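# Output the structure for:
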Amino acid sequence: MKYSDSQEKSGEFLRRTIPLMRKQTAAFHPISYAVWYEYVAGINPLLTASLDEMMKTGLVLDEEVTHSLYQKHIAEIDEEVAKRVSSGFQRVLADMSHSAAQAGDQAHKFGAALEQWSGGLGEDAGVGKLREDTQQMQGAIASLNGRLNQSQQEIERLRQEVSRARQDALADGLTGLTNRKGFDLAMASCLSSIETGVRGPSLLMTDIDFFKKVNDSYGHLFGDKVIRVVAQTLKDNVKGKDLAARYGGEEFVILLPDTPVEGARILAEKLRATVENGRIRRLDSNETIAKVTISLGVAAYRPGESAAEFIERADQALYASKTQGRNRVTVAQAN
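So this is what the prediction gives:
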């Protein structure tokens with residue numbers, strides 16, 4: 001059971017939770033209560049870190065943010081946990097199957113010995129009944145083996161479905177890139193694994209210049225095509241542990257766990273030039289339109305800063321690129 005607190009302790013958590021919930025605009029419902037209960041109980045470190053960061057900025061939780069926190073930190077299926085559970089079931093079933101196979105071998109040997117023994121004694125009612133029971137036991141063991149094998153196959157199928165469902169939940173439907181949720185998880189994992197004295201990751205943020213004008217001039221279907229083309233350009237230029245994600249709308253991010261800031265800048269310039277030199281045709285007339293460009297911001301991780309602070313510096317660098325004329329790369333100051 002997830003919550004095993006005593007009545008007294010849960011009552012104390014309730015008293016501490018209500019004042020926090022009153023400060024939000026989200027309604028008093030079970031999802032909201034679960035978020036704040038786990039916060040005051042201190043049983044969900046990632047949720048606690050997210051809420052602390054939000055409260056530090058003065059953010060008030062509405063329904064959308066509350067549900068997002070619940071889905072991300074409480075309701076989400078953890079793939080690693082699912083793997084461990086399914087692996088545990090597999091091991092138990094394998095042991096049971098092995099034991100059943102051994103029992104079947106022993107039953108078979110006993111049945112063969114019984115046949116030889118009864119052959120020397122002639123037909124005897126007691127011996128015949130014993131032989132019949134032995135044959136039934138052999139059949140039952142064989143049936144058990146079959147069911148155990150089917151169960152193992154079913155567990156493996158379910159494990160693969162859980163894995164696929166998680167991958168689908170973390171993918172952007174339009175571009176196939178990782179979505180915002182997947183990026184947030186990857187960033188949290190990346191920052192939590194940084195060792196003392198080891199250089200941290202670099203981050204690129206980019207969006208499409210004058211994208212509203214593209215939509216207004218050519219329609220949303222063409223706008224979607226532009227987003228997909230830019231996304232494919234990013235995907236073609238990331239490798240290894242690097243992660244490209246659609247951050248929202250026409251904005252993208254690339255997380256580079258092992259790339260120094262100069263390497264990130266070079267990659268950003270390459271992406272900028274590739275998009276600028278490309279041409280996109282209209283869906284209806286096959287007409288080539290004016291060039292599409294992107295602006296980019298680059299930041300290197302500062303030891304000790306939060307994910308939100310890291311992203312904010314990259315976003316400020318992106319904003320500088322846009323205010324200075326667009327179609328350019330700006331690197332955030334190191335200190």
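
# Doesn't Gly297 belong to a strand?
Yes. Under DSSP: H, G, I helix; E, B strand; the rest coil, Gly297 falls within a strand.

# Identify the bridge partners of it.
Note on Gly297: beta-bridge partners by DSSP bridges are Met205, Thr330.

# Surely it touches Ile311?
No. Checked against CB atoms under 8 Å, the pair Gly297 and Ile311 is beyond contact range at 10.1 Å. Where you see a C-beta, it was placed from the backbone N, CA and C, and this is true even at glycine.

# Common neighbours of those two, please.
Taking CB atoms under 8 Å, 6 or more residues apart in numbering as the criterion, Gly297 and Ile311 both touch Met205.

# Tell me which of these two has more neighbours.
Shown here are Gly297 and Ile311; by other CB atoms under 10 Å, Gly297 has more neighbours (26 against 20).

# which ones are touching the more buried one?
Counted by CB under 8 Å, 6+ apart, Gly297 has contacts 204-206, 314-321, 329-332.

# again, 10 Å this time
203-207, 253, 268, 313-322, 328-332 (CB atoms under 10 Å, 6 or more residues apart in numbering).

# and if you look at Lys212?
Contacts for Lys212 were tallied using CB under 10 Å, 6+ apart; they are 223, 249-250.

# what about it, distance to Gln24?
Lys212 sits 32 Å away from Gln24, going by CB to CB, to the nearest Å.

# which residue sits closest to Ala244, ignoring its sequence neighbours?
Among residues not flanking Ala244 along the chain, Leu234 sits closest, at 4.2 Å (CB to CB, 6 or more residues apart in numbering).

# Which strand or helix spans that neighbour?
helix 220-236 (DSSP states H and E).

# Buried residues, that helix. List them.
222-223, 225-227, 229-231, 233-234 (16 or more other CB atoms under 10 Å).

# and what of stretch 187-205?
So for stretch 187-205, counting by 16+ other CB under 10 Å, buried means 187, 190-191, 200-205.

# one step back: dump the buried residues of helix 220-236 to JSON lines, plus distance to Gly58.
Shown next, in JSON lines, are the buried residues of helix 220-236 (distance: CB to CB, whole Å):
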{"residue": "Phe222", "distance to Gly58": "40"}
{"residue": "Gly223", "distance to Gly58": "34"}
{"residue": "Lys225", "distance to Gly58": "39"}
{"residue": "Val226", "distance to Gly58": "36"}
{"residue": "Ile227", "distance to Gly58": "33"}
{"residue": "Val229", "distance to Gly58": "39"}
{"residue": "Val230", "distance to Gly58": "34"}
{"residue": "Ala231", "distance to Gly58": "34"}
{"residue": "Thr233", "distance to Gly58": "38"}
{"residue": "Leu234", "distance to Gly58": "33"}
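
# from those, which is closest to His67?
Using CB to CB, Ile227 comes nearest to His67 of the buried residues of helix 220-236, at 25.7 Å.

# how about the closest one, what does it touch?
Per CB under 10 Å, 6+ apart, neighbours of Ile227: 172, 174-175, 177, 208, 211, 214, 246, 249-252.

# returning to what we had before: quick check: strands, which of the buried residues of stretch 187-205 are part of them?
The strands, defined by DSSP state E, take in 202-205 from those.

# May I see these organised as a markdown table, with distance to Arg16 and pLDDT added?
A markdown table is the format used below for these (distance: CB to CB, whole Å; pLDDT from 0 to 100):
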| residue | distance to Arg16 | pLDDT |
| --- | --- | --- |
| Ser202 | 40 | 96 |
| Leu203 | 36 | 97 |
| Leu204 | 41 | 97 |
| Met205 | 38 | 97 |
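
# so His256 makes contact with Leu234?
One correction, residue 256 is Leu, not His. No. With contact defined as CB atoms under 10 Å, Leu256 does not count as touching Leu234 (11.8 Å).

# do you know how far Asn327 is from Ser6?
Computed with CB to CB, the distance linking Asn327 and Ser6 is 62 Å.

# Between the two, which has more neighbouring residues?
Asn327 (19 against 8).

# mind listing what the closest residue to the more buried one other than its chain neighbours touches?
Nearest non-adjacent residue to Asn327, counting by CB to CB, 6+ apart: Thr293, 3.9 Å away. Contact analysis of Thr293 by CB under 10 Å, 6+ apart lists 208-210, 230, 272-273, 275-278, 326-328.

# so how far is Asp207 from Thr293?
From Thr293 over to Asp207 the distance is 11 Å, taken as CB to CB.

# any residues in contact with both of these two?
With CB under 10 Å, 6+ apart, Thr293 and Asp207 have common neighbours 230, 326.

# Mind jotting down where the helices sit in the stretch 201-335 of the chain?
Taking DSSP state H, counting those that start in this stretch, the helices of the stretch 201-335 of the chain run over residues 211-218, 220-236, 261-277, 307-323.

# With respect to Pro19, which of those lies nearest?
helix 307-323 (24.8 Å).

# That's all I had, so thanks and see you.
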